[in-house]
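Participant: next input, structure requested:
(one chain, ligands or ions: 1)
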Amino acid sequence: MNYNISALLQKALRLEFLSAEEGLFLFENAPTTQLMYVGNAIKKLHVPHQKVTWIIDRNSNTTNVCIANCKFCNFYRRPGHDESYVTTIEEGYKQKIDETFALGGEQLLLQGGHHPDLGLNYYVELFKELKSLYPNLKLHALGPPEIAHITKLEQSTHIEVLQALKDAGLDSLPGAGAEILDDRVRRLISKGKCGGQEWLDVMRAAHQLDITTSATMMFGHIETNMERMEHFVALRQVQSEKPTNAKGFLAFIPWPFMDEDTILKKIKRARNQCTGDEYVRMIAMSRIMLPNIVNIQASWLTVGKATAQLCLHAGANDFGSIMIEENVVSAAGAAFRFTSDGIQKAISDAGFIPQLRNQQYEYRDLPSNMKQQVLDVEKMLVD
Ligand code: SF4
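Facilitator: Below you'll find the model as predicted:
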């Protein structure tokens, strides 16, 4: 089908839903400058100021034991492997949480593998204990595939599992494990994980319970451009079904597949060929295809500072986290690293005003003594 680029961009500027076919036509035919212009204009409708948000949080892993066998993952170990672990409060969490609070952060991003023996009770007890030790800690934890895995182990429902986790202290659910939602792709790259429909159903259930979530896309492996567009359409459909008083997906974060040493690269010959230009186009397309999601995050961790800065002129309004520890994408070659000073400088250098936020995308003041604390803790981490 031959569409008119300018008519489609006008439609996008009116925040109307473009079909997957219309999105595909724009993605494959519109000049990058036009996509950037429209992505930026839509961003200004949602966030009509120059502030670019960022967050201080700590990524920690509950366990690296996993039976899902995703072909892009270097992080997991099979049950019984010498290097497998289950993190304990004393050895694994306390120091990290103390450091996070010292840095001015308040959130633990907690993820792990599909451990065959860790059911709902394990996570309920873990969340309760963390919250009793640190009442101000925010838990941004697990993700739809882990919820689906626990639901299966318990022979329960998504709602029941999420309600129990919320009661135990879960504050928000990351959009992890979306990859590409089409099941043709999932069968080839992550067939041990939940299917695309179940991923979306978990998010629907979370929104029913007013648990805030985010959405993601890992692209640039074996998917088609059409499958990327259908991914957008599926996400915004779930967002449009959320209860009116629920926030639903607070943000969308796309990132390119990191291929280093992955089975997906060895067996399927999938390579990370995403250029800076393609990533910027994907950020603009995220704005165009997701008019009902307010925040779009540029993944500096995977694309680096310069490309992420350009994304701020193409529709992104969030720079994500200084991510004190991240083990899954960094195990596959994502090497970029920011300090809190560095992330603020990168935002300022791109022409915007850095604004610290929390996981609910509410603004937070920088602690007045934070600068010295940051220097102290960063030195401590380096040492
Ligand atoms: S990406 Fe997650 S679910 Fe997949 S193998 Fe790695 S740890 Fe398991």
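
Participant: near Gln197, how many other residues are there?
Facilitator: Close neighbours of Gln197, defined as other C-beta atoms under 10 Å, add up to 11. (Glycine included, C-beta is placed from N, CA and C.)

Participant: now the helix or strand containing it: mean pLDDT?
Facilitator: Using DSSP states H and E, Gln197 sits within helix 196-208. Helix 196-208 shows a mean pLDDT of 98.

Participant: the next helix or strand after it vs the ligand: in contact?
Facilitator: Helices and strands here follow DSSP H and E; after helix 196-208, the next one along the chain is strand 212-219. No: Strand 212-219 stays clear of the ligand (C-beta under 6 Å from any ligand atom), getting no nearer than 9.6 Å.

Participant: report the angle between the helix or strand containing Arg281 and strand 212-219.
Facilitator: Arg281 is located in helix 276-289, with elements delineated by DSSP H and E. Here the directions of helix 276-289 and strand 212-219 differ by 140 degrees (axes from the mean of the first three to the mean of the last three C-alpha atoms, to 10 degrees).

Participant: what's the separation between Gly112 and the ligand?
Facilitator: Per C-beta to the nearest ligand atom, to the nearest Å, Gly112 is found 7 Å from the ligand.

Participant: just give me the neighbour total for the closest residue to the ligand within the stretch 101-250 of the chain.
Facilitator: Nearest residue of the stretch 101-250 of the chain to the ligand (C-beta to the nearest ligand atom) works out as Gly113 at 3.9 Å. Using other C-beta under 10 Å, the number of residues around Gly113 comes to 27.

Participant: can you check Phe219 too?
Facilitator: By other C-beta under 10 Å, neighbour count at Phe219 equals 21.

Participant: excluding covalently adjacent residues, which one is nearest to it?
Facilitator: Distance criterion C-beta to C-beta, 6 or more residues apart in numbering; nearest residue to Phe219, sequence neighbours excluded, is Arg228 at 5.5 Å.

Participant: got phi/psi on the one you found?
Facilitator: The phi/psi pair for Arg228 (degrees, to the nearest 10) reads phi -60, psi -40.

Participant: surely it and Met218 touch.
Facilitator: No: Arg228 is beyond contact range of Met218, at 10.5 Å (criterion: C-beta atoms under 8 Å).

Participant: overlap in contacts, the two.
Facilitator: Taking C-beta atoms under 8 Å, 6 or more residues apart in numbering as the contact rule, Arg228 and Met218 both touch Ile180.

Participant: show me where pLDDT drops low in the stretch 201-350 of the chain?
Facilitator: 259-261, 267-270, 323-338 (pLDDT under 70).

Participant: okay, helices next: where are they in it?
Facilitator: Secondary structure of the stretch 201-350 of the chain by DSSP state H, counting those that start in this stretch: the helices cover 225-241, 263-268, 276-289, 300-303, 305-311, 340-349.

Participant: between the ones you listed, which one is closest to the ligand.
Facilitator: helix 263-268 (10.0 Å).

Participant: which ones are touching the closest residue to Gly105 other than its chain neighbours?
Facilitator: Nearest residue to Gly105 in three dimensions, chain neighbours excluded: Ile56, at 3.4 Å (C-beta to C-beta, 6+ apart). Contacts for Ile56 (C-beta under 8 Å, 6+ apart) come out as 100, 103-107, 321-322, 324, 340, 356.
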